[in-house]
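# No letters, just coordinates:
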């Protein structure tokens, strides 16, 4: 096959040998492509800085032999690099890692064009780099829209089994959406008021509806979106448990620490006088992403 030129997003890299690197790109016209970039880890390489994760590049690739053969990167020029602002902000970086891993998993077979998935991934990374929205909400919105682009959009406005118009309070991950009281199977997650509306607003991009959601609604909606994606992928996302969500409200401030000028509760009682008996300290438990 002849070499081709395409625009793509670097989603993963592997070191190979002493100076080479295997690059995984999500391209516009050729889908997921894996190729070897020769000698890019040397200091004199002109392509080394371009072929890094979170970078949008224009590459020329010589295809490998067979369907599973690795291609070879001949030329690469950077069109947009989002790594610096993402790496400087931990919540944005962890959410960006979720975007890259999800895009790679949903791309499917190598060589299958996925232009909509590429556009969603680049748009989410730009939003994270420019701090337009809270990182956790950007990641949740990307998961929902990426699943919709791949044909796994969750049904939120009606019963997924019988079609009765909702809203319904139960969500069945295996069925792919909300279910009514008559069709409710075992293992359903009971949605709190506002969760289905929050998920619909993220899916449609109605950020004014997302802004009014409480922290409990946001937390449960994040679990629903993650479980729905991982069920259809039939595997867990390694970067998803690392997303920084605890203690951060929708505006990006830490709620656990009172800000300047915060009011002190008047009902606080002074500590009792005298020595205190030691209390057993409970060991911290591992965080999970289960639905509350």
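Happy to help now that I have it. Note that the structure is a prediction, hence the values are computed from the model and not measured. Residues are numbered from 1 along each chain as shown.

# In this structure, what residue spans correspond to strands?
Ranges of strands in the chain, per DSSP state E, are 4-16, 20-27, 31-37, 55-62, 71-81, 170-172, 177-179, 189-190.

# could you give the mean pLDDT of the third one?
Mean per-residue pLDDT for strand 31-37: 89.

# Also the longest one?
The predicted model assigns strand 4-16 a mean pLDDT of 90.

# Check the last one too.
Regarding strand 189-190, the rounded mean pLDDT is 90.

# what's that strand in contact with?
169-173, 223-224, 227, 291 (Cβ atoms under 8 Å, 6 or more residues apart in numbering). No exception for glycine: its C-beta is placed from N, CA and C like everyone else's.

# Tell me where the model's unsure across this structure.
The chain contains residues with pLDDT under 70 at 1, 66-68, 245-292.

# who does residue 23 bridge with?
residue 13, residue 35 (DSSP bridges).

# Can you name the residues that contact it?
Residue 23 makes contacts with 10, 12-13, 34-37, 51, 73, as judged by Cβ under 8 Å, 6+ apart.

# State the distance from it to residue 222.
31 Å (Cβ to Cβ, to the nearest Å).

# can you check residue 90 too?
Applying Cβ to Cβ to residue 90 and residue 222 gives a distance of 17 Å.

# Between those two, which is the more surrounded one?
residue 222 (23 against 12; other Cβ atoms under 10 Å).

# Spatially nearest residue to the more buried one, not counting backbone neighbours?
In space, and not counting its chain neighbours, residue 222 is closest to residue 140: 5.3 Å by Cβ to Cβ, 6 or more residues apart in numbering.

# What of residue 235?
residue 105 (7.5 Å).

# Let me know how buried that neighbour is, in neighbour terms.
19.

# Kindly report the same for the one 3 residues further on.
Neighbour count for residue 108, taken as other Cβ under 10 Å: 13.

# and it, what is it in contact with?
Residue 108 sits next to 31-32, 114, 150 when contact means Cβ under 8 Å, 6+ apart.

# how close does it sit to residue 28?
Residue 108 is 15 Å from residue 28, by Cβ to Cβ.

# Same question for residue 17.
As judged by Cβ to Cβ, residue 17 and residue 28 stand 29 Å apart.

# if you count what's nearby, which of these two comes out ahead?
Neighbours around residue 17 and residue 28, counted as other Cβ under 10 Å, are more numerous at residue 28. The numbers are 16 against 10.

# thinking again about what came up before, mind putting the strands of the chain into CSV with distance to residue 128?
Listed next are the strands of the chain as CSV, based on distance: least, Cβ to Cβ, whole Å:
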stretch, distance to residue 128
strand 4-16, 13
strand 20-27, 16
strand 31-37, 22
strand 55-62, 14
strand 71-81, 13
strand 170-172, 27
strand 177-179, 28
strand 189-190, 27
